[in-house]
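Enquirer: Would you be able to build a 3D model of this:
(2 chains, ligands or ions: 2)
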Amino acid sequence: MRPSLEIRDLHVSIDEKEILSGVDLSVQGGEVHAIMGPNGTGKSTLASTLMGHPRYQVTQGEILIDGVDITGMKPDERARRGLFLAMQYPQELSGVTTGNFLRTAVNSLNPDHPMPVLQFHKLLTEKMKLLDIEPDFAQRYLNEGFSGGEKKRNEILQLAVLAPRLAVLDEIDSGLDIDAVKIVAHGVNTLLSENMGVIIITHYERILRYVKPHFVHILIGGKVAVSGGPELADELEARGYDWIKTEADPALAE
Amino acid sequence: MAETLVHNPYLTRCREKGEPAWLLERREDAWQASQSLALPRPEKTAIDRWGLEQALPGHAAAPQTAVEVRSDAGTHLITWNGAVQSAQIDPALAELGVLLIGIDQAMGQHPELLEPYLASHILAPDHLLAALHRTYLQGGHLLYVPAGVEIDTPLEIISALGQEDAYPHTLVVLERQAKVTLVMTELSIGSSAIRVNSAFEAFLGEGSFLRYATVQKLGAEVRAFQPRLAHLARDARMEWIVAQAGGGRVLTTNQTLLEEEGASAESYAVFLGAGDQVLDFQTKMNHWASHTSSDMDSKGVMTGRAKAVYTGFTEIKKGAHGCASWQKEKTLMLSDECRVDLIPALWIYDDDVQKAGHAAAAGRVNPEQLYYLMSRGIREKDALLLLVTGFLATILDRIPLADVRDAISELAAETIAR
Ligand SMILES: Nc1ncnc2c1ncn2[C@@H]1O[C@H](COP(=O)(O)OP(=O)(O)OP(=O)(O)O)[C@@H](O)[C@H]1O
Ligand SMILES: [Mg+2]
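Expert: Ligands and ions are numbered 1, 2, ... in the order given. Next comes the predicted model:
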């Protein structure tokens, strides 16, 4: 079945403060959606809420994966339904190697068919090659002492190994040099098919030159203010956000 | 001391068994001393209701069913309540004079080896439980390594306890320049509602090295007093690896006496607590001579309603110059109801100290890390286990024994699952 994500009238609060005030979005397998917007408008909040971070409270609306409401589910259950979030600020975990962590994850996603060690090793090596990652990476403790760029690459490595059905990439391009952006984009493009839908959260149209979005959404003030095709990203690059605030909702302008 | 001697039938039993006079005398002295001694008083753990002082050694009879305990080590000793079940020694080691035998066998065959050491030394200050151990010590293990003998492969002791109270004693004697690794596992079989007063005592001769790894995984109902003591001569080195996981009520001291110049000790300890376990865990490094050094690194993982008091104690005596000592203790608390007290204690009486210090921290699971792991599909229990593994890694990475590392990881997993 082609994956589908439906976000309907989503309202989210942190510590009683409303951050998202009615987000609607629909993503199908094979589609790439870009979400852009100024700092602090709730892009990461949306991503974290989709993944089920306990701090974010859904006060209204629903999130459906393949027609099933996941709003009350724990993060691991969502992941097992195919959701993946490449985080803006991945955690560091001393004492746990990236390889050990990933193998635990792979086997958690397919508890009935634990992957033999050798097969896992082969998969990991293949994906590391795809993303131009040094072999010793798997032996290093998870993100510990990683540079900003290495952490981002590790997120994409996880994406590649876990092969989710719906992937949300939160500022995966931030802090990457241009070569790294190309490698990451290549990785995403390789994985892209009817069987995976993608949301790319970004500030820069740079990555969108390599991973072509079918839709671009501008999030402002906790809502999708404008949606359009890829040309919207170029327009933002040229004109900034102010015009949207004026055109889309004069109330947001001041 | 009391004028009228209190008769103890156990001592009659020992006399009838034909124990050597010196041992009978030590038992008798300890027994008389016990009449006026009080229980130890750990600062934050009340042990008076544990009933440890009422423990009487049983008959160290072999269990009805064969003990299903096996060792893969070429040289090993397996005991049941202190009585030997099986023993094996690499002939090459036997040739060199290495002994790994039961205390009872040693009493018959090598009493002269035991006499300088067995039941002669005491934990200072003396207390009721220590005196009772010297009174009742029954069965156990002797490892003797002659001068200059270096043993590469680890030797193993498995001490199975159960069904009756027990007073096993483990004695390690390393002559000068001897080097050995000893792995000891304590476990219980059958009903574990028993009281254990087990002692470990090691004497390290000049320039010798002992790596002693002990994995205590007694049943949840065991109440235990478990002193472990090492005496280090000049330039001797001791490496403690202590995994304290079992027992419902446990008081344990792990003490290193750096008695002569140049002696050094390291201690890597893991303690685990779940359910209603209560653990009082003390690690002590006593610098009695100049240029001695010690390093303690302990980590605890607690869950359920378990309680642990950990004391890291460093003493540098006046006149012991140029000593170096460091201690670290850290705990990870997985539940809201568990409790941990970390007490670093530094008693430094000399002015010429090369280095001395401590770091203590009690922490909880970082919810952001837990979320990160779970976001990859990992179930909460498995995610916690990864976090615990990561937490323990700094200690596990220091343990050069894969079996012991695996045993600790397994015990950690069991602790979380409880
Ligand atoms: N854990 C939190 N606690 C308190 N406030 C938070 C928390 N997370 C986000 N916020 C607030 O919610 C708002 C939206 O933050 P969010 O991180 O979703 O923005 P963003 O669009 O991702 O911004 P950026 O482009 O800078 O990454 C901000 O005002 C932020 O301060
Ligand atoms: Mg953000």
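
Enquirer: Where does B:Tyr371 sit, in terms of helix or strand?
Expert: helix B:367-374 (DSSP states H and E).

Enquirer: mind listing the helices for the stretch 101-250 of chain B?
Expert: Taking DSSP state H, counting those that start in this stretch as the criterion, the stretch 101-250 of chain B contains helices spanning B:103-109, B:111-114, B:128-136.

Enquirer: hey, which of those is tucked in deepest?
Expert: Comparing the helices of the stretch 101-250 of chain B by mean neighbour count (mean count of other CB atoms under 10 Å in any protein chain shown), helix B:128-136 ranks first with a mean of 23. Every residue, glycine included, has its C-beta placed from N, CA and C.

Enquirer: Report the secondary structure state of B:Met285.
Expert: Using DSSP: H, G, I helix; E, B strand; the rest coil, the structure places B:Met285 in strand.

Enquirer: what residues are up against the residue nearest to it when sequence neighbours are not counted?
Expert: Of all residues not flanking B:Met285 in the chain, B:Ser294 sits nearest, at 3.8 Å (CB to CB, 6 or more residues apart in numbering or on different chains). B:Ser294 makes contacts with B:256, B:258, B:264-267, B:285, B:287, B:314, B:324-327, as judged by CB atoms under 8 Å, 6 or more residues apart in numbering or on different chains.

Enquirer: Please narrow those residues to those residing in strands.
Expert: Judged by DSSP state E, those include B:256, B:258, B:264-267, B:285, B:287, B:314, B:324-327 as members of strands.

Enquirer: Right, and ligand 2 sits closest to which residue of chain B?
Expert: In chain B, the residue that lies nearest ligand 2 is B:Glu368 (14.8 Å; CB to the ion).

Enquirer: so how many other residues sit close to that residue?
Expert: 15 (other CB atoms under 10 Å in any protein chain shown).

Enquirer: need the contact list for it.
Expert: A:Gln91.

Enquirer: Same list (the helices of the stretch 101-250 of chain B) but as TSV, adding distance to ligand 2.
Expert: Shown next, in TSV, are the helices of the stretch 101-250 of chain B (distance: least, CB to the ion, whole Å):
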stretch	distance to ligand 2
helix B:103-109	67
helix B:111-114	70
helix B:128-136	60
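
Enquirer: can I get these in JSON lines with distance to B:Ala359 and mean pLDDT?
Expert: Shown next, in JSON lines, are the helices of the stretch 101-250 of chain B (distance: least, CB to CB, whole Å; pLDDT from 0 to 100):
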{"stretch": "helix B:103-109", "distance to B:Ala359": "39", "mean pLDDT": "94"}
{"stretch": "helix B:111-114", "distance to B:Ala359": "41", "mean pLDDT": "96"}
{"stretch": "helix B:128-136", "distance to B:Ala359": "31", "mean pLDDT": "95"}
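
Enquirer: Quick check: bridge partners of the most centrally placed residue in chain B?
Expert: Among the residues of chain B, the one closest to the centroid is B:Arg228, at 4.4 Å (CA atoms, centre = their mean). Beta bridges link B:Arg228 to B:Phe200, B:Asn254 when assigned by DSSP bridges.

Enquirer: pLDDT score for the residue nearest to B:Met285?
Expert: At B:Ser294, the pLDDT value in this model is 98.

Enquirer: now it: how far from B:Asp397?
Expert: 20 Å (CB to CB, to the nearest Å).

Enquirer: next one: A:Glu205
Expert: On the measure of CB to CB, A:Glu205 and B:Asp397 end up 45 Å apart.

Enquirer: Between these two, which has more neighbouring residues?
Expert: A:Glu205 (19 against 11).

Enquirer: mind listing the helices for the stretch 51-200 of chain A?
Expert: Going by DSSP H, counting those that start in this stretch, the stretch 51-200 of chain A shows helices at A:75-80, A:98-109, A:117-130, A:148-162, A:178-191.

Enquirer: what would those helices look like in CSV with mean pLDDT, distance to B:Ala320 and mean neighbour count?
Expert: Below are the helices of the stretch 51-200 of chain A laid out as CSV (pLDDT from 0 to 100; distance: least, CB to CB, whole Å; neighbours: other CB atoms under 10 Å in any protein chain shown):
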stretch, mean pLDDT, distance to B:Ala320, mean neighbour count
helix A:75-80, 98, 54, 22
helix A:98-109, 96, 44, 21
helix A:117-130, 95, 51, 14
helix A:148-162, 94, 47, 21
helix A:178-191, 91, 56, 18
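
Enquirer: Out of these, flag the one nearest ligand 1.
Expert: helix A:148-162 (13.8 Å; CB to the nearest ligand atom).

Enquirer: Contacts for the closest one, please.
Expert: The list of residues contacting helix A:148-162 from outside it, by CB under 8 Å, 6+ apart, reads A:79, A:84, A:86-87, A:90, A:98, A:102, A:105-106, A:109, A:123-124, A:127-128, A:130-131, A:133, A:137, A:142-143, A:146, A:167, A:169, A:172-177, A:180, A:183-184, A:187-188, A:190-191, B:376-377.

Enquirer: So is stretch A:84-104 next to chain B?
Expert: Yes: counting by CB under 8 Å from any CB of the partner chain, chain B is contacted by stretch A:84-104 at A:84-85, A:87, A:90-91, A:93-96, A:100-102, A:104.

Enquirer: Please save the CA atoms from that stretch in CSV.
Expert: C-alpha atoms of stretch A:84-104 as CSV (Å, rounded to 0.1, in the frame of the first residue of the first chain):
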residue,chain,number,x,y,z
PHE,A,84,10.9,8.6,10.5
LEU,A,85,12.2,12.0,11.7
ALA,A,86,15.7,13.2,10.9
MET,A,87,16.1,15.6,13.8
GLN,A,88,17.3,19.1,13.7
TYR,A,89,19.4,18.5,16.8
PRO,A,90,20.2,14.8,17.2
GLN,A,91,21.0,13.5,20.6
GLU,A,92,24.5,12.3,21.7
LEU,A,93,24.6,9.0,23.4
SER,A,94,27.9,8.0,25.0
GLY,A,95,28.7,4.3,25.4
VAL,A,96,26.4,3.1,22.6
THR,A,97,27.9,2.5,19.2
THR,A,98,26.1,3.7,16.1
GLY,A,99,26.2,0.2,14.8
ASN,A,100,24.7,-1.4,17.9
PHE,A,101,22.0,1.3,18.1
LEU,A,102,21.1,0.8,14.5
ARG,A,103,20.9,-3.0,14.7
THR,A,104,18.6,-2.6,17.8
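
Enquirer: about what we covered before: Serialize the helices of the stretch 51-200 of chain A to CSV and add fields for distance to ligand 2.
Expert: Putting the helices of the stretch 51-200 of chain A into CSV (distance: least, CB to the ion, whole Å) gives the following:
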stretch, distance to ligand 2
helix A:75-80, 18
helix A:98-109, 23
helix A:117-130, 26
helix A:148-162, 13
helix A:178-191, 17
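
Enquirer: tell me, how many neighbours does A:Ile14 end up with?
Expert: When neighbours are defined as other CB under 10 Å, A:Ile14 has 16 of them.

Enquirer: just the one 4 residues further on next, same as before
Expert: Residues lying near A:Glu18 (other CB under 10 Å) number 15.

Enquirer: ok but it is inside a strand, no?
Expert: Yes: assignment of A:Glu18 by three-state DSSP places it within a strand.

Enquirer: OK, contacts around it?
Expert: A:11-12, A:59, A:222.

Enquirer: who does it bridge with?
Expert: A:Ser13.

Enquirer: now B:Arg398: how far from ligand 1?
Expert: 37 Å (CB to the nearest ligand atom, to the nearest Å).

Enquirer: pretty sure that residue is touching B:Tyr268, no?
Expert: Yes: under the criterion of CB atoms under 8 Å, B:Arg398 makes contact with B:Tyr268 at 5.1 Å.

Enquirer: thinking again about what came up before, for the contacts of A:Glu18, which one is nearest A:Asn39?
Expert: A:Gly222 (13.3 Å; CB to CB).

Enquirer: so that closest one touches A:Pro38, yeah?
Expert: No: A:Gly222 is not in contact with A:Pro38 according to CB under 8 Å; the separation is 11.7 Å.

Enquirer: Give me the more crowded residue out of the two.
Expert: A:Gly222 (20 against 16).
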